[in-house]
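**Q** Got a predicted structure here, sequence first:
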Amino acid sequence: MLRYVFRRLLTAIPTLFVIVTVAFFLIRVAPGGPFNQERGLSPQIKANLEAQFGLNDPLWLQYVHYLGNLLRGNFGPSYNLPDFTVTELFAKGLPISIQIGTSALVLALLLGSFLGTVAALNQNKLADYSVIALATAGSTIPTFVTAPIIQLVFGLSWKLLPIGGWGDGAFVNKIGPVLTLALPQIAIVARLMRGSMIESLRSHHIRTARALGLSDWSVVVKHALRGAVLPIVSFTGPAAAALLTGSIIVETIFAVPGVGRYFVDAALNRDYTLVMGTVVVIALFTIVFNLIVDLLYAVVDPRVRYD
């Protein structure tokens, strides 16, 4: 197991290198620059700013300098937020995005798995059709529609939740963003669990367990659920990486100071270092969670071994 983890971590190094290289040159190819958006900026001041941040150096030299800083854990300064470094912005916004993303992921896995199991145990019945209808609606309605509806109903009409804002991380301020992020994931998890549970219930070892007189609870929880959860484990890796790194739509609508808004603002303003830092963080999250998913496979499925 440890050898497998070590090999995966070694393969992550060239993967990160390729991602950083492609992202670095792609954003430089885009027209404009971090100081082109400033109106009334004289050519002399612009040249001085570019010289200060090394943007007048050859592109290959900028790339070498960035790799050197990245190896030292330095993401560099933000061009459009000069009072902060990229690391400081992440230290401020990433914990907030992680809180919301983790809550949404846990809610999606628990509620989605429960609904999918209920639908599978009542196939072609009212409960099954209801779960399918809810899952279809949840996966097709975008978050920029769901979020205003939650604000309108629970915030303006019923006065149960604040319309927006973080409020120093108060619980009531997290409910709206978490629900908005979780609803599409609940729909996906419910559909995955329904399909895999139906297949698992039809397998030979489940028939054998029923023939031996085991209770329905034991058959479903101890035997069928373990095989049915494999697609959910696969889904959790990329879903966790996406949720934990923030959502620009949810964070903008609910005025949540996470990292999602930084990425879009940085891309629009050509804030190279902030864009690159976000790309690196997302890539790291994706690699780590995919590794965790592979290790969980060995825990859930005894047929999987990493020797």
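**A** It's in. Please read these numbers as outputs of a predicted model, since none were measured by experiment.
**Q** quick one: which helix or strand includes the nearest residue to residue 233 once chain neighbours are set aside?
**A** Nearest residue to residue 233, sequence neighbours excluded (CB to CB, 6 or more residues apart in numbering): residue 296, at 5.2 Å. All C-beta atoms are positioned from the backbone trio N, CA, C, and that covers glycine. Using DSSP states H and E, residue 296 sits in helix 272-300.
**Q** And for residue 71, the neighbour number?
**A** Counted with other CB atoms under 10 Å, the neighbours of residue 71 add up to 8.
**Q** Ramachandran coordinates for it?
**A** phi -60, psi -30 (degrees, to the nearest 10).
**Q** Would you mind measuring from it to residue 30?
**A** 25 Å (CB to CB, to the nearest Å).
**Q** ditto for residue 49
**A** Applying CB to CB to residue 49 and residue 30 gives a distance of 19 Å.
**Q** Same question for residue 13.
**A** Taking CB to CB as the measure, residue 13 and residue 30 are separated by 27 Å.
**Q** do the same with residue 75
**A** From residue 75 to residue 30 the distance is 19 Å (CB to CB).
**Q** more neighbours, these two?
**A** A direct count of neighbours by other CB under 10 Å for residue 75 and residue 30 places residue 75 higher, at 22 against 11.
**Q** can you pull the contacts of that one?
**A** Neighbour list for residue 75: 69, 85, 86, 87, 90, 273, 274, 276, 277, 280 [criterion: CB atoms under 8 Å, 6 or more residues apart in numbering].
**Q** Including distance to residue 224, pLDDT and neighbour count, could those residues go into CSV?
**A** Listed next are those as CSV, based on distance: CB to CB, whole Å; pLDDT from 0 to 100; neighbours: other CB atoms under 10 Å:
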residue, distance to residue 224, pLDDT, neighbour count
69, 52, 92, 13
85, 51, 90, 18
86, 47, 92, 25
87, 47, 91, 15
90, 42, 91, 20
273, 50, 91, 22
274, 47, 91, 29
276, 46, 92, 21
277, 44, 91, 25
280, 41, 91, 18
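**Q** mind putting these in TSV, distance to residue 208 included?
**A** Below are these laid out as TSV (distance: CB to CB, whole Å):
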residue	distance to residue 208
69	60
85	61
86	57
87	56
90	52
273	59
274	57
276	55
277	54
280	50
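**Q** out of the residues you listed, which one sits closest to residue 24?
**A** residue 276 (6.3 Å; CB to CB).
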